[in-house]
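Novice: Return atomic coordinates for the entry below.
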Amino acid sequence: MHQPARWGLGAAGAGIAVLVGLDLTSLDDTNPFRRTISEHGLGPDGWIFGLAVGLLAAGSAAIGVSLARKRLAGAVGTVALMAWSVGLLLTASFHKHDWAVGPSASGSIHRVGSFVAFLSLPLAALVIARPWRQRERRRSATVAFGLGVCSALWVVGIGAAVLIGARHGLPWYRVLPLGLVERGLAVTEVAALLALGVWAAGRLAEAEPVRAVRRAVERR
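Specialist: Below is the predicted model of the structure:
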């Protein structure tokens with residue numbers, strides 16, 4: 001029962017490590033304050049970005065399966081976490097707009113996937129962790145809830161930038177350092193996901209000795 005959570009943490013961790021490596025190795029060529037993470041998907045090495053995001057999506061789905069199987073996540077939280085995974089898969093499978101060429105259908109799908117992912121994870125973290133953070137007083141559940149709140153605040157900040165841009169006739173991505181804000185949001189949301197994964201793995205592992213005792217009693 002605990003294996004999906006552990007596999008999920010491993011896959012998500014591998015994807016995150018690759019994305020961090022891509023960012024660090026491209027500091028000389030890209031401006032992380034303005035360039036988004038999805039810029040790594042353009043060019044001949046775009047498959048590395050796709051693989052990394054795909055691993056993160058698969059790991060997220062495995063964590064969601066663990067939470068659902070142990071009844072730690074209800075229907076709304078599970079659907080939100082799976083929506084995050086699907087959104088990530090869309091961003092991995094379809095490249096963003098290459099503005100040197102112009103807008104594309106692939107870029108539009110990529111944008112929809114990004115919006116779905118970034119909006120779904122805060123909802124998942126808040127809905128899943130809220131009823132458990134007081135009931136079990138588990139640190140990882142409390143951390144996941146707090147990071148869900150922080151993620152929601154990032155989203156609210158981006159929404160405010162959209163409104164400010166519309167009021168002053170500016171593109172919303174010019175109102176703020178988009179690359180920096182997106183990385184801040186991504187780090188917060190991924191941290192919330194990992195907290196959910198650690199909670200799921202720990203909670204499931206704790207249940208194993210209880211099940212072993214029950215099986216021994218039943219054999220007698």
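Novice: Tell me, please, where in the chain the pLDDT is lower than the cut-off.
Specialist: 1-2, 133-138, 203-220 (pLDDT under 70).
Novice: Give the helix, strand or coil label for the residue nearest the centre of the chain.
Specialist: Nearest to the geometric centre of the chain sits residue 190, at 4.6 Å (Cα atoms, centre = their mean). On the three-state scheme (DSSP: H, G, I helix; E, B strand; the rest coil), residue 190 is labelled helix.
Novice: ok, it touching residue 57?
Specialist: No: if you go by Cβ atoms under 8 Å, residue 190 and residue 57 don't touch, sitting 11.7 Å apart. Glycine gets a C-beta too; all of them are placed from N, C-alpha and C.
Novice: residue ranges of the helices in the protein, please?
Specialist: 3-25, 46-69, 75-93, 105-135, 139-168, 172-175, 178-219 (DSSP state H).
Novice: Can you get me a residue count around the nearest residue to residue 149 once chain neighbours are set aside?
Specialist: The shortest distance from residue 149 to any non-neighbouring residue, by Cβ to Cβ, 6 or more residues apart in numbering, is to residue 126 (7.0 Å). By the measure other Cβ atoms under 10 Å, the count of residues near residue 126 is 20.
Novice: which residues sit in contact with residue 126?
Specialist: By Cβ atoms under 8 Å, 6 or more residues apart in numbering, the contact list for residue 126 reads 145, 148, 149, 152.
Novice: Can you give me the separation between it and residue 151?
Specialist: 9 Å (Cβ to Cβ, to the nearest Å).
Novice: Over to residue 117?
Specialist: 11 Å.
Novice: Dihedrals phi and psi, residue 35?
Specialist: Here is the backbone geometry of residue 35 (degrees, to the nearest 10): phi -80, psi 130.
Novice: what's the neighbour count on it?
Specialist: Applying other Cβ under 10 Å, we find 18 residues neighbouring residue 35.
Novice: Over to residue 169?
Specialist: Neighbours of residue 169 using other Cβ under 10 Å come to 6.
Novice: Which phi and psi values does it adopt?
Specialist: With angles defined as degrees, to the nearest 10, residue 169 sits at phi 70, psi 30.
Novice: residues in contact with it?
Specialist: Counted by Cβ under 8 Å, 6+ apart, residue 169 has zero contacts.
Novice: ok so, going back, more neighbours: residue 117 and residue 151, which one.
Specialist: Taking other Cβ under 10 Å, residue 117 and residue 151 do not tie; residue 151 has more neighbours (28 against 24).
Novice: how close does the residue nearest to that one when sequence neighbours are not counted sit to residue 130?
Specialist: Spatial nearest neighbour of residue 151, chain neighbours left out: residue 122 (3.9 Å); criterion: Cβ to Cβ, 6+ apart. To residue 130, residue 122 is 12 Å away according to Cβ to Cβ.
Novice: Name the nearest residue to residue 109, sequence neighbours excluded.
Specialist: In space, residue 109 is closest to residue 94, 4.3 Å off (Cβ to Cβ, 6+ apart).
Novice: Wait, the one you found touches residue 110, no?
Specialist: Yes: counting by Cβ under 8 Å, residue 94 does reach residue 110; the two are 4.4 Å apart.
Novice: Now for these two: what residues contact both?
Specialist: With Cβ under 8 Å, 6+ apart applied, the contact sets of residue 94 and residue 110 do not overlap.
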